[in-house]
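Participant: I'd like to go over a predicted model; first the sequence, then the structure.
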Amino acid sequence: MTDKYQYVSDNLAAIKSNIADAAAKCGRAPEDIRIMAVTKTVAPEIVNYAVSLGVALLGENRAQEFMSKQEAYDKSAEIHFIGGLQTNKVKYIIEPMTMIQSVDSFKLAQEINRLAGVHNKTMDILCEVNIGGEDSKSGVAPDGLIPLLEQISQLECVRVKGLMTIPPPSSSDVFLGRMEELFQNIKSRNIQGIAMETLSMGMTHDYAEAVKHGSTLVRIGTGLFGARDYSR
């Protein structure tokens, strides 16, 4: 095994151990938390090695990069789109993705719905929440989430399966807690056509804390593959 593959293997073992420890501390089962390999700038052969180790879920940030790597990926992997998405790029990802996690407007949801109908499929989505109110990040404001969910619930070819967020790194634990409260509040409302099954939050620097706050899916790139190579 070459060093780069051993590096990924060792990192994955550490991630699984950390998740298990975090889950045990809050009475959760580690198998209830999915690990997503975030693949931005990572070579397909390295991504496929992670898949061979059992990381069956990939996260793509950029439509153009995904299109250049798509054919090289292990076909057994499930792929979600997690990056900012313009309506004119939906057509490039609508068919291969099993979920779009970054829906933050009704306009975007409408375009996903339209193209999903063209492809005779129903697209699972998460609504992205800007839990920290940061100007630099996309996402619907917390107080705008319920109206957005009520609008999306009327669409025929999309299914809301939960929420996604990227909290401010400086106060991550506080905002992870707020996101957990928001998720549970939405779940308790039982909005028709809206399911709160997935809470996607936690990245390399805060995934253990996210597990403690109810995350069901952690998105890890650097912690698994190492520092990004932005020259790719």
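Facilitator: In hand now; what should we look at?

Participant: Check for me that Tyr163 belongs to a helix.
Facilitator: You called it Tyr, but residue 163 is Leu. No - according to DSSP: H, G, I helix; E, B strand; the rest coil, Leu163 belongs to no helix; its state is strand.

Participant: got a pLDDT number for it?
Facilitator: Looking at Leu163, its pLDDT stands at 98.

Participant: Does it touch Cys127 like I think?
Facilitator: Yes - using CB atoms under 8 Å, Leu163 is in contact with Cys127, at 5.6 Å. All C-beta spots, glycine's among them, are computed from the backbone N, C-alpha and C.

Participant: May I see the buried residues of the strand or helix carrying Ala13?
Facilitator: Using DSSP states H and E, Ala13 falls within helix 3-25. The neighbour-count check on helix 3-25 (16 or more other CB atoms under 10 Å) flags Val8, Ser9, Asn11, Leu12, Ile15, Lys16, Asn18, Ile19, Ala20, Ala22, Ala23 as buried.

Participant: So the fifth one sits against Leu224, correct?
Facilitator: Yep, that's Ile15 we're talking about. Yes - Ile15 lies in contact with Leu224 (CB under 8 Å); the separation is 6.5 Å.

Participant: quick one, what contacts Asn48?
Facilitator: Ala72, Tyr73, Asp74 (CB atoms under 8 Å, 6 or more residues apart in numbering).

Participant: that older thread, spell out which residues are contacts of both of Leu163 and Cys127.
Facilitator: Applying CB under 8 Å, 6+ apart, one finds that Leu163 and Cys127 are jointly contacted by Leu145.

Participant: hang on, the earlier thing: which among the buried residues of helix 3-25 gets closest to Arg34?
Facilitator: Ile19 (9.9 Å; CB to CB).

Participant: what's next to stretch 184-200, contact-wise?
Facilitator: By CB under 8 Å, 6+ apart, stretch 184-200 touches 36, 82, 101, 126, 145-146, 149-150, 152-154, 159-165, 179-180, 183, 214-219.

Participant: Now do the contacts for Cys26.
Facilitator: So, once contact is read as CB under 8 Å, 6+ apart, Cys26 ends up touching Val211, Lys212.

Participant: let me redo that: Leu108
Facilitator: Leu85, Thr87, Val90.

Participant: quick one on the thing from earlier: columns distance to Pro96 and pLDDT on top of the buried residues of helix 3-25, output as TSV?
Facilitator: Listed next are those as TSV, based on distance: CB to CB, whole Å; pLDDT from 0 to 100:
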residue	distance to Pro96	pLDDT
Val8	23	97
Ser9	27	97
Asn11	26	97
Leu12	24	98
Ile15	25	98
Lys16	27	98
Asn18	30	98
Ile19	27	98
Ala20	31	98
Ala22	32	97
Ala23	31	98
